[in-house]
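Enquirer: quick one: sequence and predicted model below, then my questions.
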Amino acid sequence: MRTWLTVGEGADHANVSRDTIYTACERHELRHVRISGRRTIRLRAAWVDEWMEQHARNPRGARMATSAQDGAAS
């Protein structure tokens, strides 16, 4: 796998649109590097994975289980 990804490659990696990647970069949600010019962006696959994890939703039962564990530890 390549070290640096283009926006298109990052979008393919995350299975989202290029616009979604650009928007995440503009909102400072997705770590990125600007090379030169306004829209020349490079990403690392690990950064895209981290961004995806931030937006992952827990199954309904997982949240309840965590709350139950927190109460048991008190």
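Expert: Structure's in. What do you need? These figures come from a predicted structure and were not determined experimentally. Numbering: from 1, shown residues only.
Enquirer: pull the helix or strand with minimum mean pLDDT from this structure.
Expert: The helix or strand of the chain with the lowest confidence, counting by mean pLDDT, DSSP states H and E, is helix 60-73 at a mean of 54.
Enquirer: show me where this structure has its strands.
Expert: Per DSSP state E, the chain has strands spanning 33-34, 41-42. These are given in chain order.
Enquirer: right, and the ones you listed - which one's nearest residue 13?
Expert: Of all the strands of the chain, it is strand 41-42 that lies closest to residue 13, at 12.7 Å by CB to CB. To be clear about C-beta, it is placed using only N, CA and C from the backbone, and glycine gets the same treatment.
Enquirer: that closest one - what's its average pLDDT?
Expert: For strand 41-42, mean pLDDT rounds to 96.
Enquirer: ok, residue 13 - contacts?
Expert: Neighbouring residues of residue 13 by CB atoms under 8 Å, 6 or more residues apart in numbering: 5, 45, 48.
Enquirer: spit out the contact partners of the residue nearest in space to the middle of the chain.
Expert: Geometric centre of the chain, nearest residue: residue 51, 1.5 Å, by CA atoms, centre = their mean. Applying CB under 8 Å, 6+ apart, one finds that residue 51 lies in contact with 14, 24, 29-31.
Enquirer: and those residues as CSV, adding distance to residue 37?
Expert: Formatted as CSV, these follow (distance: CB to CB, whole Å):
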residue, distance to residue 37
14, 23
24, 19
29, 21
30, 18
31, 19
